[in-house]
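Novice: I need the structure of the sequence given here:
(one chain, ligands or ions: 1)
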Amino acid sequence: MPRVDDLLRRGRGCLPAGEAELLLGHLLARGPAWLFAHGDAAVDAETAARFAALVERRARGEPVAYLTGRRGFWTLDLQVTPATLIPRAETERLVELALQCLPAGHCTVADLGTGSGAIALAIASERPDARVVATDASAAALEVARANAAAHGLANVEFRLGDWLAPLQGQRFDLVASNPPYIAEGDAHLARGDLCHEPPAALASGADGLDAIRSIVADAPAHLLPGGWLLLEHGYDQGGAVRALLDAAGFVDVRTERDLEQRDRVSLGRRAA
Ligand code: GLN
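Specialist: Model (predicted):
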């Protein structure tokens with residue numbers, strides 16, 4: 001029988017650093033510290049064969065998160081499937097800003113295009129006194145988001161099927177947040193890396209990438225309480241365009257914030273009080 005070390009050595013030969021450990025750890029339900037301490041442990045033939053298959057799929061380009069079905073976001077370990085975008089570290093910046101903008105005490109939040117539920121669940125976990133509603137046009141994505149809410153015992157989130165704000169007729173919120181698709185259709189990035197395995201509708205939006213953002217900005221004022229905030233993630237070069245859309249729609253206190261790599265990433269504004 002092969003040992004942990006043998007399998008890791010084979011995996012490391014064809015994968016970027018750390019990924020062989022992630023894949024074998026996933027199959028054995030063990031963390032990197034266990035693998036490190038148990039290099040001599042025997043691995044049964046079936047697990048070894050499954051590991052070889054995962055290594056091959058990864059070497060052909062499938063994202064690690066889809067192979068393990070997991071991705072960490074904020075403080076949460078989330079289920080992800082090819083029906084959902086893989087949550088990104090940049091999006092944690094949006095969560096951070098949302099938490100700063102929310103009023104104290106009971107409040108209401110909408111997360112549009114929730115995917116795996118990343119934004120909605122991170123906010124719901126930090127603010128048990130908030131009611132969060134998450135929408136998505138994909139029933140398969142909503143199923144994943146619901147499972148993630150249940151796995152983390154978050155009962156203050158509900159889910160609605162539909163485009164952006166469409167399932168929220170007549171409802172107003174203290175804060176509306178979204179990480180919508182914002183890449184231009186036909187952009188070369190869509191064919192590279194993880195992106196070519198992710199749902200196209202979660203990534204691309206119109207000729208300039210701004211179709212979803214235009215639609216959300218146009219509809220959001222009718223769904224915000226006076227003084228309520230709209231927060232939108234966008235591309236590093238879209239800050240000016242998104243601020244112009246927010247200004248034109250009558251938002252006040254409009255500004256753009258940067259991500260950890262100092263690139264424009266989130267624009268926000270509030271409905272006049
Ligand atoms: N809100 C989810 C996330 O940020 C999904 C975003 C999307 O599919 N564009 O991960």
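
Novice: Point me to the residue of this structure nearest the ligand.
Specialist: Here the chain gets closest to the ligand at one residue, residue 115, 2.6 Å apart by C-beta to the nearest ligand atom. From N, CA and C alone the C-beta is placed, and that goes for glycine too.

Novice: mind listing what that residue touches?
Specialist: 84, 85, 87, 136, 141, 144, 145, 179, 202 (C-beta atoms under 8 Å, 6 or more residues apart in numbering).

Novice: next one: residue 256
Specialist: 239, 242, 243, 264, 265, 266, 267, 268.

Novice: Reformat these as TSV; add secondary structure, pLDDT and distance to residue 20.
Specialist: Shown next, in TSV, are these (DSSP: H, G, I helix; E, B strand; the rest coil; pLDDT from 0 to 100; distance: C-beta to C-beta, whole Å):
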residue	secondary structure	pLDDT	distance to residue 20
239	helix	98	39
242	helix	98	40
243	helix	98	44
264	strand	98	36
265	strand	98	31
266	strand	98	35
267	strand	98	39
268	strand	98	40
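
Novice: and stretch 245-255, which residues are buried?
Specialist: 245, 246, 249, 251, 254 (16 or more other C-beta atoms under 10 Å).

Novice: what's the first-to-last distance across it?
Specialist: Distance across stretch 245-255, first residue to last, is 12 Å (C-alpha to C-alpha, to the nearest Å).

Novice: picking that back up, for the residue of the chain closest to the ligand, pull up the helix or strand it's in.
Specialist: Using DSSP states H and E, residue 115 maps to neither a helix nor a strand.

Novice: Next: residue 22.
Specialist: Counting by DSSP H and E, residue 22 is part of helix 19-28.

Novice: Tell me how far the helix or strand following that helix lies from the chain's centre.
Specialist: Using DSSP H and E, the next helix or strand after helix 19-28 towards the C-terminus is helix 32-37. Relative to its parent chain, helix 32-37 has a centroid offset of 28 Å by C-alpha atoms, centre = their mean, to the nearest Å.

Novice: Check stretch 249-263 too.
Specialist: 19 Å.

Novice: could you give me the average pLDDT of that stretch?
Specialist: For stretch 249-263, the mean per-residue pLDDT is 97.

Novice: Can I get the helix holding residue 22 in PDB, CA atoms only?
Specialist: Taking C-alpha atoms only, helix 19-28 is exported to PDB below (Å, rounded to 0.1, in the frame of the first residue of the first chain):
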ATOM      1  CA  GLU A  19      -2.300  21.700  -3.600                       C
ATOM      2  CA  ALA A  20      -1.300  18.000  -3.300                       C
ATOM      3  CA  GLU A  21      -1.800  18.400   0.500                       C
ATOM      4  CA  LEU A  22      -5.200  20.100   0.000                       C
ATOM      5  CA  LEU A  23      -6.500  17.200  -2.200                       C
ATOM      6  CA  LEU A  24      -5.100  14.400  -0.100                       C
ATOM      7  CA  GLY A  25      -6.200  16.100   3.100                       C
ATOM      8  CA  HIS A  26      -9.700  16.400   1.600                       C
ATOM      9  CA  LEU A  27      -9.900  12.700   0.800                       C
ATOM     10  CA  LEU A  28      -8.600  11.600   4.200                       C
END
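
Novice: tell me what it is packed against?
Specialist: Counting contacts by 3 or more C-beta pairs under 8 Å, 6 or more residues apart in numbering; DSSP states H and E, helix 19-28 packs against helix 4-12, helix 32-37, helix 45-59, helix 64-68.

Novice: any chance of these in a markdown table, plus mean neighbour count?
Specialist: Listed next are the helices and strands packed on helix 19-28 as a markdown table, based on neighbours: other C-beta atoms under 10 Å:
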| stretch | mean neighbour count |
| --- | --- |
| helix 4-12 | 18 |
| helix 32-37 | 13 |
| helix 45-59 | 16 |
| helix 64-68 | 20 |
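
Novice: Throw the ones you listed into JSON lines and include mean pLDDT and distance to the ligand, thanks.
Specialist: Output for these, formatted as JSON lines (pLDDT from 0 to 100; distance: least, C-beta to the nearest ligand atom, whole Å):
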{"stretch": "helix 4-12", "mean pLDDT": "96", "distance to the ligand": "27"}
{"stretch": "helix 32-37", "mean pLDDT": "95", "distance to the ligand": "25"}
{"stretch": "helix 45-59", "mean pLDDT": "97", "distance to the ligand": "21"}
{"stretch": "helix 64-68", "mean pLDDT": "97", "distance to the ligand": "11"}
